[in-house]
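take a look and give me a structure for this.
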Amino acid sequence: MAKGVLVIFDQNNGEIRHVVLEMLTVARSLGDGPVTALTFGKDARNTLAKLAEYGAEQVLFWDGDAYARYSSDGFAAAIAEAVPELGPDVILFPATAWGKDLSARLAGVLKAGLATDCLHLEAGEDGRVKAVRPVYAGKALAEVTVNTPVQMFSLRPNVNAAVPAPATPEILNIAPAVDSAAFQAVVVERNEAQGGVLELTEADIIVSGGRGIKAPENFKLLDDMAQALGAAVGSSRPVADEGWVPHSYHIGQTGKVVSPTVYFAVGISGAIQHLAGISGSKYIVAINSDPEAPIFKVANYGIVGDLFQVVPRLTEEIKTVKAQQ
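Coordinates of the predicted model:
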């Protein structure tokens, strides 16, 4: 069992991603030491109520001017300075773009092992955490351990359950002395997604389109279906590369990795690079006019037909069912 678990995450205007609650739930299962949550930036303290609800026993807010803007090298130096005092055996990050960047930097500074994009973590008898993570572009799962004094892991969003466990956290006062020179690269601007757009990595339902959509204006069919479902909209790489949708829609090995409850693959053939990004989906529904499309080999449900007829009909049926609820 781990002697202590440090959960590191980002926040925006006091809002935290659902994966943070999943991380806190997992952290509670890994050891008998304290679960400590660490976050940065303005409005960080507004996350306290949520952290307490999900079992954080200690909370550390770094909300000074130095942490107002993200810097992977500066943040990593600060965490590394605080780790000896906090004394965690395990450090957890979200497997988001932010978490992947900072965890790799911190692992290098601490000379610690890091297992990324984990689906499951389990406490081992020898104090080593057993992690399950996808390998070979999601074709297989590997059970791994990290054999360094500090064990680091990043957790894929939307995979583990988030279970409340109310606690009364102690707010720690640890201020590492980090030279301003450590902040070599700093984020100067953030371009937020359009209002109302769901984040793909945390969406419960995703409607995704591929080349079968034929033209960018036809994505309105998927927008309408997603709106009826309360879902996010994604795409395969060729569609994003063509400029039909923003690259933030791209799902796959070189794009976003998602784990929704339901994934609709509309007009997507099912190239291996795309399948690597959706392997964590609980249910895959394929809509394609080609009965031999590879996507049908991994789909739980399939519709062979013209998407321009199927999707509008499906959208209307969804609206009818929703209206009856």
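
in the protein, which spans are helices?
Using DSSP state H, the helices of the chain run over 18-28, 48-53, 72-86, 97-110, 219-229, 237-241, 272-278, 295-298, 307-324.

what's the closest of these to Pro166?
helix 48-53 (5.7 Å; Cβ to Cβ). For every residue, glycine as well, the C-beta is placed using N, CA and C.

tell me which other helices or strands that closest one touches.
Using 3 or more Cβ pairs under 8 Å, 6 or more residues apart in numbering; DSSP states H and E as the contact definition, the elements that helix 48-53 packs against are helix 18-28, strand 58-62.

please save the CA atoms from that helix in PDB.
The C-alpha trace of helix 48-53 is given here as PDB (Å, rounded to 0.1, in the frame of the first residue of the first chain):
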ATOM      1  CA  LEU A  48     -12.000  23.200  -2.300                       C
ATOM      2  CA  ALA A  49     -15.600  22.100  -1.800                       C
ATOM      3  CA  LYS A  50     -15.400  19.600  -4.700                       C
ATOM      4  CA  LEU A  51     -12.100  18.200  -3.500                       C
ATOM      5  CA  ALA A  52     -13.500  17.800   0.000                       C
ATOM      6  CA  GLU A  53     -16.500  16.000  -1.400                       C
END
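
in that helix, what's buried?
48, 50-52 (16 or more other Cβ atoms under 10 Å).

next: stretch 310-325.
Buried residues in stretch 310-325 (16+ other Cβ under 10 Å): 310-311, 314-315, 318.

please work out which of the helices and strands packed on helix 48-53 is packed deepest.
Ranked by average neighbour count under the criterion mean count of other Cβ atoms under 10 Å, those are headed by helix 18-28 at a mean of 24.

so Phe40 sits right up against Asp63, yeah?
Yes: under the criterion of Cβ atoms under 8 Å, Phe40 is in contact with Asp63, at a separation of 7.1 Å.

neighbour count winner among these two?
More neighbours sit around Phe40 than around the other of Phe40 and Asp63, counting by other Cβ atoms under 10 Å; the figures are 25 against 16.

contacting residues around that one?
Contacts for Phe40 (Cβ atoms under 8 Å, 6 or more residues apart in numbering) come out as 10-11, 61-63, 67, 70, 75.

please apply the same query to Ala44.
11, 14, 61-63.

quick check: the farthest pair among those?
Gly14 and Trp62 (14.6 Å).

circling back: now flag whichever of the buried residues of helix 48-53 is closest to Glu81.
Checking these against Glu81 by Cβ to Cβ gives Leu51 as the nearest, at 22.1 Å.

quick one: the closest one from Pro164, how far?
Taking Cβ to Cβ, to the nearest Å as the measure, Leu51 falls 11 Å from Pro164.

this completes my enquiry, with thanks.
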